[in-house]
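> just coords:
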């Protein structure tokens with residue numbers, strides 16, 4: 001029995017049923033403004049699987065989060081109603097397109113209830129079905145932090161792998177390439193198509209060398225200029241972080257972004273019209289320390305803060 005003074009945030013970190021950020025598990029969407037959810041799916045990877053286990057470990061590590069942000073002083077839980085809505089349920093887990101349809105259906109339910117989703121994957125293919133729900137009526141802009149552009153046409157003869165979601169999203173009219181920025185791109189490829197697609201369609205690609213040269217502040221300014229005040233989605237692949245800090249991912253690339261730079265980058269997006277976000281590609285089997293999941297949970301909290309702040313500010317303007 002829970003008494004009236006119970007506050008999950010004040011409980012020992014090892015107590016209670018693990019939910020994202022120790023928020024309540026919510027089934028009634030009328031009680032929510034922002035939904036935290038897991039998408040434990042990695043059926044679209046071509047190499048090292050394990051991201052299906054990401055949501056469970058990130059939930060556990062997110063118990064380390066607290067309420068009030070030390071820089072912005074944002075307390076997302078006083079600004080908005082935040083809760084964990086559980087995981088997407090899959091009906092045919094070995095069928096990529098069927099699994100993607102399950103994701104779209106789940107996100108669409110949230111969208112129709114005016115609930116903003118912050119999703120935890122899972123491999124990066126999950127972003128495409130999320131966008132199918134959020135951008136059904138109008139396309140979205142994108143702030144994409146990653147080591148890879150994920151704009152290939154096919155991987156292993158599949159058009160729906162974790163290396164193809166943003167190409168498909170542009171083709172389906174879900175993603176406005178002229179309002180898209182990809183940050184931290186690096187690593188060799190077997191074909192130039194992944195880079196050329198973005199160049200031909202107007203996607204702004206900031207390779208890691210440019211990121212290091214111009215610095216986080218200028219990258220933030222560029223991102224804000226590109227997406228403007230229109231509807232924008234954030235997709236954060238954990239392999240954007242240098243594997244010295246986040247080794248638990250399927251496709252690590254050395255020479256990446258530092259965790260503190262990633263935090264500053266997200267904080268710099270405060271005030272944008274963010275309609276949803278995801279953090280993907282955390283693969284616990286490749287990091288027994290749990291540090292990769294801790295970084296993901298912390299970045300999830302950073303994203304939650306700016307989304308809660310924006311939603312609260314928007315609600316105040318309407319009233």
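Yep, that arrived. The structure presented is a predicted model; accordingly, all values stated were derived computationally and were not measured. Numbers count the residues shown, from 1 in each chain.
> which intervals of the stretch 51-200 of the chain have sub-threshold pLDDT?
Applying pLDDT under 70 to the stretch 51-200 of the chain flags no residue at all.
> Tell me which stretches of it form helices.
Ranges of helices in the stretch 51-200 of the chain, per DSSP state H, counting those that start in this stretch, are 54-61, 76-79, 96-112, 127-134, 165-171, 193-201.
> elements contacting the first one?
Judged by 3 or more Cβ pairs under 8 Å, 6 or more residues apart in numbering; DSSP states H and E, helix 54-61 is in contact with strand 34-39, strand 116-121, helix 291-318. Placement of C-beta: from N, CA and C, glycine included.
> cool, and the fourth one?
Where contact means 3+ Cβ pairs under 8 Å, 6+ apart, helix 127-134 is packed against helix 96-112, strand 116-121, helix 165-171, strand 232-237, strand 274-280.
> Now find how far off-centre that helix is within its chain.
Centroid separation for helix 127-134 versus its chain: 12 Å, with Cα atoms, centre = their mean, to the nearest Å.
> between that helix and helix 96-112, how many degrees?
For helix 127-134 against helix 96-112, the angle between stretch directions is 40 degrees (axes from the mean of the first three to the mean of the last three Cα atoms, to 10 degrees).
> what angle do helix 127-134 and strand 34-39 make?
If you take the same axes, to 10 degrees, helix 127-134 sits at 140 degrees to strand 34-39.
> Next, format the helices of the stretch 51-200 of the chain as CSV and append distance to residue 256 and mean neighbour count.
Output for those, formatted as CSV (distance: least, Cβ to Cβ, whole Å; neighbours: other Cβ atoms under 10 Å):
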stretch, distance to residue 256, mean neighbour count
helix 54-61, 18, 23
helix 76-79, 27, 19
helix 96-112, 27, 19
helix 127-134, 19, 25
helix 165-171, 19, 24
helix 193-201, 17, 17
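> out of the helices and strands packed on helix 127-134, nearest to residue 158?
Proximity to residue 158 (Cβ to Cβ) singles out helix 96-112 among these, at 7.1 Å.
> Relative to residue 27, which of the helices and strands packed on helix 127-134 is closest?
helix 96-112 (11.4 Å).
> Tell me which other helices or strands that closest one touches.
strand 34-39, strand 116-121, helix 127-134.
> List the strands paired with the first one, with their directions.
Strand 34-39 has the following strand partners under DSSP bridges: strand 82-87 (parallel), strand 116-121 (parallel).
> so how many other residues sit close to residue 282?
31 (other Cβ atoms under 10 Å).
> Just confirm it contacts residue 57, I think it does.
Yes - counting by Cβ atoms under 8 Å, residue 282 touches residue 57, with 7.0 Å between them.
> Could you export the strands paired with strand 34-39 as CSV, including mean neighbour count?
Formatted as CSV, those follow (neighbours: other Cβ atoms under 10 Å):
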stretch, mean neighbour count
strand 82-87, 21
strand 116-121, 26
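> Now these in JSON lines, please, with extra columns for distance to residue 99.
Below are the strands paired with strand 34-39 laid out as JSON lines (distance: least, Cβ to Cβ, whole Å):
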{"stretch": "strand 82-87", "distance to residue 99": "12"}
{"stretch": "strand 116-121", "distance to residue 99": "12"}
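> out of those strands, nearest to residue 208?
strand 116-121 (22.1 Å).
> Figure out how far that closest one is from the centre of its chain.
6 Å.
> Contacts for that strand, please.
Strand 116-121 has contacts (Cβ atoms under 8 Å, 6 or more residues apart in numbering) with 20, 33-42, 51, 54-55, 58-59, 107, 110-111, 126, 130, 134, 274-282, 296, 300, 303-304, 307, 311.
> go on, stretch 294-302?
When contacts are defined by Cβ under 8 Å, 6+ apart, stretch 294-302 is touched by residues 20-21, 36, 54, 58, 61-62, 64-65, 69, 118, 120, 236, 238, 241, 245-246, 259, 262-263, 266-267, 279, 282.
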